[in-house]
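Engineer: quick one: sequence and predicted model below, then my questions.
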Amino acid sequence: MDLEWRAEIERRAALHAVLSDPGRLAVVELLSLGDRSPSELSTETGMASNLIAHHVGILVEHGLVGRRRSEGDRRRTYLHLIPDVAVVPAGWALPRPRRVLFVCTANSARSHLAVALWRGASHVDAASAGTHPASTVSPSAVAVAERHHLSLQGVVPRLFDDVRRDGDLVVTVCDNAHEEMGHRADLHWSVPDPVRVGDDAAFDAAFDEIARRVEDLAPRIAA
């Protein structure tokens, strides 16, 4: 047994020890579905804010959880699992929704990319909308989709209230939209806005993050 293999075993054992606490396991399980602010975690778990802060601090220290400042309310921080690091149990399956509705502010990039990716990963229907739709879809979003052999041709920004149906699983992919919608959103993915940056690298990064999250969520939808 070489030293590298032994070190990896010790690292994984330490992660399992961290997750042996029910409170920390609950936090990780919730974050495996979507990002949460500390106050949202406190509400969903019923744990006091100081206990949430304690658990989150340990999870951050061990590289399981990261923090990201909201692009909307800069006083707010969203917590997310670190990809390829967290050892997360299978968890529970979500009830099968009628449709998954991805929402961002302008409905010009992230939410359309999420729909295109979702349709390749799940038989559950998907749609997108915006809280303040733009006039057109971002050309850079169309371009990044084409680079990954997906098409956004023919899609147009639409208003959330005009698109939402009963039975939708609403997933916000934009901090501003999430904070505006409040409890009308079921899950949140804090994906940085590529339109604000404007270059190909930003759109590629947003695409990759949405793709990873789609791959994580799709199997959690009950058959």
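Structural biologist: Structure's in. What do you need? Numbers count the residues shown, from 1 in each chain.
Engineer: C-alpha only now, for contacts and for neighbours.
Structural biologist: OK.
Engineer: helices and strands around the lengthiest helix in the chain, which ones?
Structural biologist: Selection of the longest helix in the chain by residue count, based on DSSP state H, yields helix 200-217. Taking 3 or more C-alpha pairs under 8 Å, 6 or more residues apart in numbering; DSSP states H and E as the contact definition, the neighbouring helices and strands of helix 200-217 are helix 110-119, helix 139-147, helix 194-197.
Engineer: where does this structure dip in pLDDT?
Structural biologist: Residue ranges of the chain with pLDDT under 70: 1, 84-92, 223.
Engineer: how does it divide into domains?
Structural biologist: Residue ranges for each domain of the chain read 3-81, 99-220, as given by automatic domain parsing.
Engineer: give me the contacts around the one helix or strand Ala177 maps to.
Structural biologist: Using DSSP states H and E, the secondary-structure element containing Ala177 is helix 175-181. When contacts are taken as C-alpha atoms under 8 Å, 6 or more residues apart in numbering, the neighbours of helix 175-181 outside the stretch itself are 70-73, 103-105, 130-131, 172, 185, 188-191.
Engineer: looking at these, which is nearest Ala206?
Structural biologist: Here the nearest of the contacts of helix 175-181 to Ala206, counting by C-alpha to C-alpha, is Val191; it sits at 6.4 Å.
Engineer: what about the closest residue to Thr77 other than its chain neighbours, how many neighbours?
Structural biologist: Ranked by C-alpha to C-alpha, 6 or more residues apart in numbering and with sequence neighbours excluded, the top spatial neighbour of Thr77 is Arg69, at 4.5 Å. Per other C-alpha atoms under 10 Å, the neighbour tally for Arg69 reads 16.
Engineer: now Arg69: how far from Asp35?
Structural biologist: According to C-alpha to C-alpha, to the nearest Å, Arg69 stands 12 Å off from Asp35.
Engineer: go on, Val28?
Structural biologist: Distance of Val28 to Asp35, computed by C-alpha to C-alpha: 10 Å.
Engineer: which residues do those two both contact?
Structural biologist: By the contact definition C-alpha under 8 Å, 6+ apart, Val28 and Asp35 are jointly contacted by Leu81.
Engineer: show me where this structure has strands.
Structural biologist: Counting by DSSP state E, the chain forms strands over residues 65-69, 77-81, 99-104, 125-130, 168-172, 187-188, given from the N-terminal end onward.
Engineer: direction included, what does the third one pair against?
Structural biologist: What it means is strand 99-104. Sheet pairing of strand 99-104 (DSSP bridges) gives strand 125-130 (parallel), strand 168-172 (parallel).
Engineer: quote the end-to-end distance of stretch 63-75.
Structural biologist: Across stretch 63-75, the straight-line distance between its terminal residues is 23 Å, by C-alpha to C-alpha.
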